[in-house]
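# please find the sequence and the predicted model below.
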Amino acid sequence: GAVVSQHPSRVICKSGTSVKIECRSLDFQATTMFWYRQFPKKSLMLMATSNEGSKATYEQGVEKDKFLINHASLTLSTLTVTSAHPEDSSFYICSARDRLYTGELFFGEGSRLTVL
Amino acid sequence: GESVGLHLPTLSVQEGDNSIINCAYSNSASDYFIWYKQESGKGPQFIIDIRSNMDKRQGQRVTVLLNKTVKHLSLQIAATQPGDSAVYFCADLSLGQGGSEKLVFGKGTKLTVNP
């Protein structure tokens, strides 16, 4: 089946540094990828929709300059948390939709960010 | 605002029993619904989906029911097993601002299966 890979799965960084998380569709092309954030024992909160070749669409309340999203190819989207602070610590999850639109969205295994 | 929510935050059942997890949605324009299972520390796993032109869909041991009149969605798991213990989310795919699609998750129900 289709697989979405996220890297890194875990990352610890110092406050003030930037962290990049990659989301790759391994065996299909994804024109649309979604980025979510999840706090412990909470639901997934949509941060932004990443469209290949165009600017991401951010949800209300999500800082564009804080969470930079780039979808440069049909198989890769990246989320960069800039000038990270402890409150940015969270579980970040991406999902991708097959370009051929099979209807199913495939999720990555998530990336746990801890900012010290 | 638009939201997809769940009635119960936790559900505890005995192994072998049937489980029913409920979900209410508010966006009448929603046309595609998905149930996901999430185990601790992992990403969501697709279980089953249903489109708004259907009211029932069955998979292996799972059935999703959609009642558009009352905007209610349910997931039924037959013969629940310990491996079914996880958090279950319903999600709603609809068009957001600018025509881009959005997948919005409900709050989640934690299912615990007791042996």
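That came through, no problem. All values reported here derive from a predicted model rather than from experimental measurement.
# tally of neighbours for B:Gly43?
When counting by other C-beta atoms under 10 Å in any protein chain shown, one arrives at 22 neighbours for B:Gly43. (Glycine included, C-beta is placed from N, CA and C.)
# tally of neighbours for B:Ile21?
23.
# how about the contacts made by it?
Applying C-beta atoms under 8 Å, 6 or more residues apart in numbering or on different chains to B:Ile21 gives the contacts B:Leu6, B:Leu8, B:Leu11, B:Trp35, B:Ser74, B:Leu75, B:Gln76, B:Ile77, B:Tyr88, B:Cys90, B:Thr109, B:Leu111.
# quick check: PyMOL command selecting the buried ones in the residues you listed.
The buried subset of the contacts of B:Ile21, as determined by 16 or more other C-beta atoms under 10 Å in any protein chain shown, is captured in PyMOL by this line:
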select buried, chain B and resi 6+11+35+74+75+76+77+88+90+109+111
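# so of the contacts of B:Ile21, which ones are in strands?
B:Leu11, B:Trp35, B:Ser74, B:Leu75, B:Gln76, B:Ile77, B:Tyr88, B:Cys90, B:Thr109, B:Leu111 (DSSP state E).
# how about these in JSON lines, adding distance to B:Ser26?
JSON lines is the format used below for those (distance: C-beta to C-beta, whole Å):
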{"residue": "B:Leu11", "distance to B:Ser26": "22"}
{"residue": "B:Trp35", "distance to B:Ser26": "17"}
{"residue": "B:Ser74", "distance to B:Ser26": "16"}
{"residue": "B:Leu75", "distance to B:Ser26": "18"}
{"residue": "B:Gln76", "distance to B:Ser26": "22"}
{"residue": "B:Ile77", "distance to B:Ser26": "25"}
{"residue": "B:Tyr88", "distance to B:Ser26": "19"}
{"residue": "B:Cys90", "distance to B:Ser26": "12"}
{"residue": "B:Thr109", "distance to B:Ser26": "17"}
{"residue": "B:Leu111", "distance to B:Ser26": "23"}
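# strands of chain A, start to end?
A:4-7, A:10-13, A:19-25, A:30-38, A:44-51, A:57-58, A:67-73, A:76-81, A:90-98, A:105-107, A:111-115.
# how about those in JSON lines, adding mean pLDDT?
Shown next, in JSON lines, are these (pLDDT from 0 to 100):
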{"stretch": "strand A:4-7", "mean pLDDT": "95"}
{"stretch": "strand A:10-13", "mean pLDDT": "96"}
{"stretch": "strand A:19-25", "mean pLDDT": "96"}
{"stretch": "strand A:30-38", "mean pLDDT": "91"}
{"stretch": "strand A:44-51", "mean pLDDT": "91"}
{"stretch": "strand A:57-58", "mean pLDDT": "92"}
{"stretch": "strand A:67-73", "mean pLDDT": "91"}
{"stretch": "strand A:76-81", "mean pLDDT": "96"}
{"stretch": "strand A:90-98", "mean pLDDT": "91"}
{"stretch": "strand A:105-107", "mean pLDDT": "86"}
{"stretch": "strand A:111-115", "mean pLDDT": "97"}
